[in-house]
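Chemist: Pasting a predicted model and its sequence here:
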Amino acid sequence: MVVNMDTALRWSELRFSPFGCVPKKGVDPEVEARLIHDLSWPDSTSTNACSIQEELPDLIFVPVRLLAQRIEDLAASDPGKPIKMLKGDVKWAFRNIPVAARLAAHFSGTCTGNEAVIDLALPFGWTGSPAHYSTFGEAISFMVSRESPNSLDPRNLDKEPFFAYVWVDDHILLEIDRDQRLAHAEAALKLSMMAALGPNAINDKKFSTWSSQLEALGLTWDTETRVVSMPADKIDKALARISKVLSTKRICKHQLEKLLGSLRHVGLCCRASRAFIQRLHYTWKKASKFVKINLNASVCEDLYWIQAILKRGGMNRVSTSIIAGTIDIDVNLFMDASNSGLCVLYPAAREYIRVHFDTEEISAISITTDETNSVFSINVREALSAVFATIVWGPRWSRIARTRGVPVHARCWIDNTSAVSWIKRHFSSNSYGQELMRVLSCNSSPFPENLQHQLTELQWRSLADTTRKVYLGTWRQWCSFCARTGVPCLLPEHELALQGMRRLSAPRRERTPVSFAMLKAIFHATKWSSTQHRVICGAAVLGFFFCLRGAEYLSSSSKRHRYCLQVGDVSVVDDRGKTTTTFQCATTVTICLRGSKTDQTGKTTTRSLQKSGRAPICPVFAALLLLRNAELLKLSTNMPICSTARNRMVTAECMTTILRKAAVVCDVDPSLVSTHSLRVGGATALHAAGVNTDTIRMHGRWSSDAYQVYLRQGDAASLQLSQRMTAESVRST
C-alpha cells in the first residue's frame, strides 16, 4: 500500500525501514533483482531485533538425507526401473501470505519522493517470514502425500501415496517412472499449490521436468547412478571465501556467516569434513557482531584441511547410500577401553590391537576431575580405539575400496554412548576428542587414487619411518648389551605378552553368588512397615530370579540409566492372562527390558516367570510387592519401580550393604558379595537345577558363552561327582 508521507506520519504505529535489492540467481541485477526490506536496521531497535522468536511458528527443516533415503528405497523396491526427480517452486512465495494490519505497520518504508510504502504481505527480509510461510509449504506437502494415482484417476490401480519433500518454498518429488505415476504426481503438486495459495501460485519458469539428473537444494542429484555432488560453482565460491578469510588478518562475524553458509553442503556430502567445521562454528558463536576477530591457528588449520578436501574432489559423486546411512556394513570392529589400556578386535581378519597405557597416560587418568571434559577421559579413550583401528587397517580397506569402486563401511561396536555419538557425528566438545575426530576424518576422506598415492609416498618418507630405523638400531645395541652382561632384554610383563598376551594384572576376585538362604535372611530381617525395606526385599528377589544387571533396576551415585526398570515394565497376570493384584490369583510375572549396557541396538526384550512354589522367595510375590509400593507412592508408569519415594530409588550401594549383612548371617565372606552376586546367584541356581546352557544364556540375555564365568559349583555337587563318574562303570559290570 502506497500512501502520502504526510498521511503516514499521522500513524504512530508505523515503523520505517529502508528498502534494498539483492541479485537473483542467473539473472543480471541490472535487469531484475529481488526487492528486500532491510528490517535488520538499525541493529538494536530494528523490526527483526524486536521480533519475539518464541511467538513465531516452529520452522522445521526436513533433513536433506531423506531424499537420499527415498532414492535408496525406490532402488531396492523396484530394481532396474528408472527413478525420476522433479523440482517445483511457488511464485512470489512470501507475497501470497497477507498479514494482519497491526503486523503490517512494522513493514513500512519510504521511496524517493513524498510517499510511504506499507508491505501488506510477508516481506523478504523479516526473520519471521520463512517460519510463517513454512506452515503453508508443509500444508502443500501434506496434501501431495495424501494423493496417489488412484485418487486422481480411479481407473488407475496404483494406490501408493506420492512422496513429497519441502524446504521452505522448494518442493521436490521423487518417483519411479511407471505408467502415469509421474504425470499424476506433478498434477497433485500443482493442484495442492493452487488449493493452498491460489491459482497464481505456480511458478512455471522454475518447474523442472522429470529427470534423472537435477540440481536441487544446492546439490546435483543423479538418480540413475545414485550419487550426489556439489556443483562446481558452489565449490569455487566456497574456495574463494576460504582464501579470503585465510588472507585477512581480522574478520567480522558476517564473513564467518557467509563462509559457514558456503560450507553447509560440505558436511552433507563429505561427513569427514564435519570435524573441521566444528571449531569454525564455535568461533562464530562466540564472535560479537560489531567486533572483528583474529582466527587462531587451529581454526586456520581446519580451513586448510577443508580447502584440500574441496580441491581434491572430495565432494564429487558421493553415494546416496552413504548420505542415507544405508550402506552395507563391510567390517565389524569390537573395542573397549579401561584405565589400563584399550583393545580392538577384528574377527573377520582374526586380528586385534592391544595397547597398554604408559605412566604419563595413567597419571592423566588418575588426576581426572571432570570425567566428561578431561583430556584423557573414558570417552576419549574409547574414541582412541577407533582411531587406532583406522590407522592400522585403513590402508588395507583403502586398497579394497579402490578395487571395487565402493567405500568400505566399518562399524565400531563401543559400549559408550558418548564415544559412539562423537564418531557418528564427527563432533566433540572435548578438545582432545576434536583432534581424534580430525584424525578419523582424514582417514575416511574420499580422496581420489592419485592423492592416495601421494599420501602413501608422504607416509613412506615421514618421520615415522626414520624413527623406526633409529629404534631398530637402538634395539640391536640393547640386545647385544644384554647378551654380554646377562641382563634379560625383556621385562617380565613384556615377555608374558610376547608368549601369548597373558594377563599382567592380578586376577579379579570372583563374586560369591547369592543363595536361597541369603534371600530368606533378607526377608526375615525386613521391617514391613518401612517402604525402603519392602522395596529392597522385592528388588533383591526380582534381581535374583531374572538375573538382572544392577543398572537395569538400581541407581548408582544418584544416577540411573534410561533403560532402568519402570512401573509400566512389570505386569502380573492370572491363568487367563488378565492383570491381577492378588498373590492367590497370580500365576506369572512379565518384565520388559528396554535395553542394557551391552545392547548396541536398543532392542526391547521380555522375560516371564511363574511362581517358584517357595513363597515369599518368589518372583511373582516380589513383583506384586513392588507394584503395590508403586501404587501407594502414586508412581506413574514411567517412574522406576524400585523407588522408595517419588524422587528417590534404591541404590546399588544400599543393596550391596543389605546383601553383605545377609552374607554374614549365612557365614559367607561379605567382601566377596555385591549387587552382581544376585546375577551370579541366579545363573548358578539355574545351572544347579539342570537347566540347559542355551536357556541360561537366553534368560540372562548373554550374547555369548561369557555367562559361564559366573557359574559357581556347590560343595554338594562336587561331592557327588565321584559317584556320578563311577555310576556308569558299575552299571556296565
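Modeler: Perfect, thanks for sending it. Numbers count the residues shown, from 1 in each chain.

Chemist: C-alpha from now on. contacts and neighbour counts both.
Modeler: Fine.

Chemist: All the helices of the stretch 551-700 of the chain, in order from the start?
Modeler: For the stretch 551-700 of the chain, the helices defined by DSSP state H, counting those that start in this stretch cover 619-633, 652-665, 676-688, 693-699.

Chemist: Could you do the stretch 201-350 of the chain as well?
Modeler: With helices called from DSSP H, counting those that start in this stretch, the stretch 201-350 of the chain shows them at 232-247, 253-262, 266-269, 274-286, 297-311, 320-324.

Chemist: just to revisit the earlier point, most packed of the helices of the stretch 551-700 of the chain?
Modeler: helix 676-688 (a mean of 24; mean count of other C-alpha atoms under 10 Å).

Chemist: Please report how far residue 159 lies from residue 152.
Modeler: 10 Å (C-alpha to C-alpha, to the nearest Å).

Chemist: before we move on, the earlier item: a markdown table for the helices of the stretch 551-700 of the chain, including mean pLDDT and distance to residue 435?
Modeler: A markdown table is the format used below for the helices of the stretch 551-700 of the chain (pLDDT from 0 to 100; distance: least, C-alpha to C-alpha, whole Å):
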| stretch | mean pLDDT | distance to residue 435 |
| --- | --- | --- |
| helix 619-633 | 92 | 48 |
| helix 652-665 | 92 | 36 |
| helix 676-688 | 87 | 37 |
| helix 693-699 | 82 | 41 |
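
Chemist: Let me have these in JSON lines, adding distance to residue 228 as columns.
Modeler: Formatted as JSON lines, the helices of the stretch 551-700 of the chain follow (distance: least, C-alpha to C-alpha, whole Å):
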{"stretch": "helix 619-633", "distance to residue 228": "54"}
{"stretch": "helix 652-665", "distance to residue 228": "51"}
{"stretch": "helix 676-688", "distance to residue 228": "51"}
{"stretch": "helix 693-699", "distance to residue 228": "44"}
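
Chemist: Which among the ones you listed is found nearest to residue 265?
Modeler: When the helices of the stretch 551-700 of the chain are compared by C-alpha to C-alpha, helix 693-699 sits nearest residue 265, at 46.0 Å.

Chemist: ok, back up a step: which of the helices of the stretch 201-350 of the chain comes out lowest on mean pLDDT?
Modeler: Mean pLDDT per stretch puts helix 266-269 lowest among the helices of the stretch 201-350 of the chain, at a mean of 75.

Chemist: elements contacting that helix?
Modeler: Under the contact criterion of 3 or more C-alpha pairs under 8 Å, 6 or more residues apart in numbering; DSSP states H and E, helix 266-269 touches helix 274-286.

Chemist: mind redoing it with 6 Å?
Modeler: Here helix 266-269 touches no other helix or strand, going by 3 or more C-alpha pairs under 6 Å, 6 or more residues apart in numbering; DSSP states H and E.

Chemist: So, low pLDDT: which residues of this structure?
Modeler: 112-113, 271-272, 275, 313-315, 368-374, 418-429, 442-473, 491-509, 597-603, 703-733 (pLDDT under 70).

Chemist: Out of the helices of the stretch 551-700 of the chain, flag the one nearest residue 240.
Modeler: helix 652-665 (58.5 Å).

Chemist: Skip ahead from the top helix by length along the chain and say which helix or strand is next.
Modeler: As assigned by DSSP state H, the longest helix anywhere in the chain is helix 378-404. Counting by DSSP states H and E, the element after helix 378-404 in chain order, helix or strand, is strand 410-413.

Chemist: What are the contacting residues of that next one?
Modeler: Residues from elsewhere that reach strand 410-413 (C-alpha atoms under 6 Å, 6 or more residues apart in numbering): 330-334.

Chemist: gap between it and the chain center?
Modeler: 13 Å (C-alpha atoms, centre = their mean, to the nearest Å).

Chemist: Okay, buried residues for it please.
Modeler: Buried residues in strand 410-413, counted by 16 or more other C-alpha atoms under 10 Å: 410, 412-413.
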